[in-house]
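> no sequence on this one, just coordinates:
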């Protein structure tokens, strides 16, 4: 009701995998690039990396049936979508091996899924991993460019709550 009564909650984000940082606007999928799904960032995984880890402390709130996307929710209520590759829903889960189940509590850096990126590439799909939130704003950390790893702080999601 009154803006001055709202509190801001910040959640620090680490990279979900080792690879190349990609600003969301540079992602080839227009739905993500236009921020229609939410604000955030992306990482193109390094060639020899097949594991995607949690960028935050939270709970696995949903795993899509095709295993191409995972929803995480923080204790403060920030909802984060990890989308594994572009148009990978069409692969019906084949390249993805889930390491967690819905309802699991995870710590930042905990393995969530392994991906056979060679299957993704063979299907002529992109390997870009998007990290977005529809209910929080994204703020990039200073000087994040180039190579990143799960130890790299990418930025924060900020949520306004009552």
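Looks like it arrived, so ask away. These figures come from a predicted structure and were not determined experimentally. Numbering: from 1, shown residues only.

> Could you pull out the helices in this protein for me?
Under the criterion DSSP state H, the chain contains helices at 30-33, 117-122.

> Can you list the buried residues in the first one?
Going back to what we said before, that points to helix 30-33. 32, 33 (16 or more other C-beta atoms under 10 Å). (Each C-beta comes from the backbone N, C-alpha and C, glycine too.)

> Give me the mean pLDDT for that helix.
Averaged across helix 30-33, pLDDT comes to 96.

> chain center to that helix: distance?
Computed by C-alpha atoms, centre = their mean, to the nearest Å, the separation of helix 30-33 from the middle of its chain amounts to 14 Å.

> So which residues make contact with that helix?
24, 25, 26, 27, 37, 42, 83, 86, 130, 132 (C-beta atoms under 8 Å, 6 or more residues apart in numbering).

> okay, the helices of the chain in a markdown table with distance to residue 62 next?
As requested, the helices of the chain are arranged in a markdown table below (distance: least, C-beta to C-beta, whole Å):
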| stretch | distance to residue 62 |
| --- | --- |
| helix 30-33 | 18 |
| helix 117-122 | 21 |
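
> quick one, which of those helices is nearest to residue 141?
Minimum separation from residue 141 across the helices of the chain (C-beta to C-beta) falls at helix 30-33, 19.8 Å.

> Tell me who's in contact with residue 153.
Counting by C-beta under 8 Å, 6+ apart, residue 153 has contacts 12, 13, 14, 141, 144.

> ok, of those, which one's closest to residue 90?
Among these, residue 13 lies closest to residue 90 (C-beta to C-beta), at 27.5 Å.

> Distance check, that closest one against residue 158.
Distance of residue 13 to residue 158, computed by C-beta to C-beta, to the nearest Å: 11 Å.

> ok, now residue 62?
22 Å.

> Please apply the same query to residue 139.
Residue 139 sits 6 Å away from residue 158, going by C-beta to C-beta.

> same thing with residue 80?
Distance from residue 80 to residue 158, by C-beta to C-beta: 13 Å.
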